[in-house]
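[1] Give me a 3D structure for the following:
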Amino acid sequence: MELEKLSATEEGEMLGNGNHLSGLNTEKMMLNEGFETTESTAAEFDEFLPQHATKKQIKFTDFEGKTSLGMSVFNLSNAIMGSGILGLAYAMSNTGIVVFVILLICIAMLSAYSIHLLLRSAGFVGIRAYEQLGHKAFGQPGKIVAAVIISLHNIGAMSSYLYIVKYELPLVIQAFLLLRESNGMWYMNGNYLILIVSILIILPLALMRQLGYLGYTSGFSLSCMVFFLIALVYKRFQVPCPLPVYGNETQHSQIVYSKIENHTIEEECTAKLFTINPQTAYTIPILAFAFVCHPEVLPIYTELRSPTKLRMQRVANISIAAMFVMYLITALFGYLTFYGSVETELLHTFNRVDPLDRLILCVRLAVLIAVTLTVPVVLFPIRRAIQQLLFAKKEFHWLRHTVIAIVLLICVNLLVIFVPNIRDIFGIIGATSAPSLIFILPGLFYVRIVPNDREPLKSRSKIQAIIFAAAGFIFMIMSLSFIFKDWSSGDGGSRISGH
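    Predicted structure coming up:
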């Protein structure tokens, strides 16, 4: 029996070597031609790395992927989980539980399908760089557009994370010191704190050469968010409705209370299954932004051990499913805790519970740790985009690797320090980058890159990709229309939060 198994295995290896011989030759051509192949050669293979070849495989990157599937799941989940998670309870309050759940399921499925298109496009040409896919599909303009969109979106995401650090960390320190008001010391200044956090925590992690090493910090970041969810579920049964007033309320909270006075307690403390109001239209953009992780997909794929499209799709599906559960729990229990009183940022709503509550303090600290450890993961695609644009033919160099990270952190810190309110800028960037990364670019890449002799333009797969890209354009126009309508009505800017 063992001899029969051995013979079958050897026969399979011989067949595998024969089937992938042309793929190996094509890979060599790609390395010589700067990751570019013609459509005829691209059609010769469908996977990045042959699974049964006995010789050492030629890689498309300058190092061999060694990240396990579990660590890759942690990294991609951490990339998905952005600051948008704090706005999901507010989104549920403006749609109702049933509509929110339906929309959340749809967006999660569309995000998984989008990653499928991205991986399929990459598989036909053996490219694992978003910018190079843009170059393959539309030449140099496509490469530039992809790099710019990725950079703008991730800079906006990094800024939103540091904004949370800037405004929440002083409150955490104040609560630890049992102070009712800020004492004016330097360690209560958010601008100084983000500089300290950037230098001591973010920069060392951002200097790592491989994204896979951040799987450990990503896992810890996700653990902090799990603690946040547990505390949120516990507080659901502790926080009374309507909310009590503690000491000095912020101006924003006073406005909320004045609106609540016009409703009965029963109306304000009852969960709604279906709700339609002027803010309902913002739910889809908020949910879409919460699932943007596409710039990180190909870098994570590059560093995945034994990479195949099926294996990377499994990483994406597990990550999206995990984030779906976390998002649903956060939105549901955040909404059932505060009902109609929930604010656009869930942490800010907790300020109206006892500000010195120790559990709430630990929750805020956990969220701060989570968003801080996410910044280095988001920085990697920006650095990769810059390298693809300016240093595509250059070998890896530590000095260039370090300088780009430092410059990016300096720019983001300056943006957070000197721009007091860039919510509208985030709204414009998010309304254009999110649909581009989720819908438009993956759909167009698939239509342009996959050879017509393999899948004709009238095939079901390409028609679906075209419809998918068209839906992205519609979504972009819709989001921008809501933002401009807010501006014209003087509501104070878009409530669409960044990733």
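[2] Okay, helices next: where are they in the stretch 151-300 of the chain?
    Remark: helices assigned in the stretch 151-300 of the chain by DSSP state H, counting those that start in this stretch are 190-197, 203-206, 215-236, 251-260, 265-268, 283-290, 294-302.
[3] Looking at those, spot the one closest to residue 439.
    With Cβ to Cβ as the criterion, residue 439 lies closest to helix 283-290 of the helices of the stretch 151-300 of the chain, at 8.6 Å. Every C-beta, even on glycine, is put in place using the N, C-alpha and C of the backbone.
[4] Mind checking the pLDDT average for the closest one?
    Average pLDDT, helix 283-290: 76.
[5] Give the other helices and strands that it contacts.
    helix 88-93, helix 97-125, helix 423-435, helix 460-489 (3 or more Cβ pairs under 8 Å, 6 or more residues apart in numbering; DSSP states H and E).
[6] ok, the closest residue to residue 470 other than its chain neighbours - how many residues close by?
    Residue nearest to residue 470 in three dimensions, not counting chain neighbours: residue 443, with 7.9 Å by Cβ to Cβ, 6 or more residues apart in numbering. Around residue 443 there are 26 other residues, counting by other Cβ atoms under 10 Å.
[7] now the angle between helix 460-489 and the helix or strand that contains residue 443, please.
    Element membership of residue 443, judged by DSSP states H and E, is helix 441-449. With axes from the mean of the first three to the mean of the last three Cα atoms, to 10 degrees defining the directions, helix 441-449 sits at 140 degrees from helix 460-489.
[8] Now for residue 458, how many residues are close by?
    Residue 458: 8 neighbours (other Cβ under 10 Å).
[9] ok, now residue 269?
    Around residue 269 there are 17 residues (other Cβ under 10 Å).
[10] For it, which non-adjacent residue is spatially closest?
    residue 241 (3.9 Å).
[11] so which of the helices and strands packed on helix 283-290 is the most packed in?
    Highest mean neighbour count among these (mean count of other Cβ atoms under 10 Å): helix 88-93, with a mean of 27.
[12] Can you tell me which helices and strands that helix packs against?
    Right, helix 88-93 is packed against helix 283-290, helix 309-338, helix 346-350 by 3+ Cβ pairs under 8 Å, 6+ apart.
[13] try it again with 6 Å
    The elements that helix 88-93 packs onto, with contact taken as 3 or more Cβ pairs under 6 Å, 6 or more residues apart in numbering; DSSP states H and E, are helix 309-338.
[14] Next, the buried residues of the helix it packs on.
    Neighbour-count burial for helix 309-338, with 16 or more other Cβ atoms under 10 Å as criterion, is recorded at 309, 312-313, 315-316, 318-320, 322-324, 326-338.
[15] Out of the helices and strands packed on helix 283-290, flag the one nearest residue 66.
    helix 97-125 (19.5 Å).
[16] by contact count, what packs against that closest one?
    helix 283-290, helix 309-338, helix 441-449.
[17] Looking at those, spot the one closest to residue 485.
    Per Cβ to Cβ, nearest to residue 485 of the helices and strands packed on helix 97-125: helix 283-290, 13.0 Å.
[18] What about residue 304? Give its phi and psi, please.
    phi -70, psi 140 (degrees, to the nearest 10).
[19] Residue 69: what's it in contact with?
    Residue 69 makes no contacts at all, as judged by Cβ atoms under 6 Å, 6 or more residues apart in numbering.
[20] gap between it and residue 366?
    From residue 69 over to residue 366 the distance is 26 Å, taken as Cβ to Cβ, to the nearest Å.
[21] now residue 232
    Distance check for residue 232 against residue 366: by Cβ to Cβ, it reads 11 Å.
[22] Also residue 178?
    Counting by Cβ to Cβ - residue 178 and residue 366 are separated by 20 Å.
[23] Between these two, which has more neighbouring residues?
    Taking neighbours as other Cβ under 10 Å, residue 178 and residue 366 compare with residue 366 leading, 20 against 7.
[24] what about the more buried one, helix or strand, and which?
    helix 358-390.
[25] List of residues touching the helix holding residue 443?
    Residues contacting helix 441-449 (Cβ under 6 Å, 6+ apart): 114, 117-118, 121, 124-125, 133, 136-137, 462, 465, 468-469.
[26] Alright, that wraps it up for me.
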